[in-house]
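Asks: Got a predicted structure plus its sequence, pasted below:
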Amino acid sequence: MTTPDERFSLELAERFPPLGADIDFSYDAPDEFLAHVYFGVEVTPKVVAAYLTDTDGGTPAFDWRAVLAFLDEQARTGGTDVTTVIGTSFLFQLPNPGQAGYGIVDALPGELARLFHLVRPNG
């Protein structure tokens, strides 16, 4: 049986194929998907890297802004399991102030920005 956080992760990987290249490594068993691992190891680092590539004048592998928009929509409509994954394994793992990529925080849309300030009130 597919869980809400697994469905959400699979939909993200389908919409943004570079984020799904290694999604199979996030299964601990055939029926046990580890969404937090997937986001911590695959999604967050790749989104931050795409942001950095874009802000450095390069061409990112995918539209990181579209990923943020998707995550924002899912944070509003995906339920508690999905919001927990987004909050703890994406927003909480974003770069800290002074680290490369921290500027992505300024690009977070509405619900993501609100959640970011909840999970990381000091930036």
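Replies: Thanks, I have the structure now. Numbering: from 1, shown residues only.
Asks: All the strands of the protein, in order from the start?
Replies: Applying DSSP state E to the chain gives strands spanning 27-29, 32-33.
Asks: Can you say which of the ones you listed is packed in most?
Replies: For these, the largest average neighbour count (mean count of other Cβ atoms under 10 Å) is found in strand 32-33, namely a mean of 16. C-beta here means a position set from N, CA and C on the backbone, and glycine is covered the same way.
Asks: That strand: how far from the chain's middle?
Replies: Offset of strand 32-33 from its chain centre (Cα atoms, centre = their mean, to the nearest Å): 18 Å.
Asks: Now do the lowest-mean-pLDDT helix or strand in the chain: distance to the chain's middle.
Replies: Least confident helix or strand, the chain: strand 27-29 with a mean of 90, by mean pLDDT, DSSP states H and E. Here the centre of strand 27-29 is set off from its chain's centre by 20 Å, with Cα atoms, centre = their mean.
Asks: Using CSV, lay out the strands of the chain together with distance to Thr77.
Replies: Formatted as CSV, the strands of the chain follow (distance: least, Cβ to Cβ, whole Å):
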stretch, distance to Thr77
strand 27-29, 25
strand 32-33, 20
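Asks: and Glu111, what is it in contact with?
Replies: Contacts for Glu111 (Cβ atoms under 8 Å, 6 or more residues apart in numbering) come out as 72, 75-76.
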